[in-house]
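# sequence and predicted structure below; questions after.
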Amino acid sequence: MVGSDVRPTSDRVREALFNRLESRGLVRGASVLDLFAGSGALGIEALSRGAVEVAFVDRDRRSVEVVRANLDRLGLADMATVSHGDAIAFLDTVDREWGIALVDPPYDFDRWVELLDRLRAGTAVLESGRPAAAHPRWTKVHEKRYGRTYVTLVEPAGAPEPGWLPQQYGG
């Protein structure tokens with residue numbers, strides 16, 4: 001896939017992640033948000049597995065161009081929107097809930113609390129270089145480590161419960 005200089009989610013992690021989402025019946029027919037899209041591999045995987053739409057967001061212009069090129073090459077552009085900008089600013093301007101949010105920021109990302117306070121999704125997939133800590137709006141459903149990558153699935157919670165959020169950023 002074009003854009004291999006971006007830190008992409010490994011094939012092994014992507015396969016395991018989507019197998020888990022599919023086993024829960026979450027992908028087919030879903031509206032998906034791919035924040036920090038990079039090459040667009042996660043959102044494109046969602047489309048290939050039956051998601052009906054994906055919104056890709058990345059602040060890097062080159063990544064946005066790569067996502068558009070990958071979507072065009074695969075004939076998926078009509079099922080997607082691609083936005084250039086900050087993930088949190090994007091969430092502040094969009095008034096909707098997503099079926100699945102794929103959140104894969106750089107490992108030094110330090111605005112988790114802000115992001116999770118604004119994110120509205122039935123399930124969020126969080127990829128980080130650190131294990132999860134708690135966030136009052138989210139309940140951890142599953143977490144798995146793949147080398148130095150932690151993948152955590154969270155769902156909205158009504159009350160504070162142990163959740164996730166990379167520990168360095170508190171919760």
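In hand now; what should we look at?
# strands of this protein, start to end?
31-35, 53-58, 80-84, 98-103, 121-128, 138-146, 149-156 (DSSP state E).
# the ones you listed: which one's closest to residue 9?
strand 121-128 (6.4 Å; C-beta to C-beta). For the C-beta atoms, the positions are set from N, CA and C on the backbone; glycine is no exception.
# tell me what the closest one is packed against?
helix 11-23, strand 98-103, strand 149-156 (3 or more C-beta pairs under 8 Å, 6 or more residues apart in numbering; DSSP states H and E).
# thinking again about what came up before, got the strands of the chain as TSV, with distance to residue 41, mean neighbour count and mean pLDDT columns?
TSV is the format used below for these (distance: least, C-beta to C-beta, whole Å; neighbours: other C-beta atoms under 10 Å; pLDDT from 0 to 100):
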stretch	distance to residue 41	mean neighbour count	mean pLDDT
strand 31-35	9	27	98
strand 53-58	10	24	98
strand 80-84	13	18	98
strand 98-103	10	23	97
strand 121-128	12	23	94
strand 138-146	15	17	91
strand 149-156	14	20	92
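# got the helices and strands packed on strand 121-128 as a markdown table, with distance to residue 87 columns?
Below are the helices and strands packed on strand 121-128 laid out as a markdown table (distance: least, C-beta to C-beta, whole Å):
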| stretch | distance to residue 87 |
| --- | --- |
| helix 11-23 | 19 |
| strand 98-103 | 8 |
| strand 149-156 | 16 |
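# of these, which is nearest residue 51?
Closest among the helices and strands packed on strand 121-128, once you apply C-beta to C-beta, is strand 98-103, at 7.4 Å.
# any low-confidence regions in the protein?
1-8, 132-133, 158-171 (pLDDT under 70).
# now for the spatially most central residue of it: which residues touch it?
Taking C-alpha atoms, centre = their mean, the centroid of the chain lies closest to residue 102, which sits 1.3 Å from it. Shown in contact with residue 102 (C-beta atoms under 8 Å, 6 or more residues apart in numbering): 32-35, 42-43, 46, 124-125.
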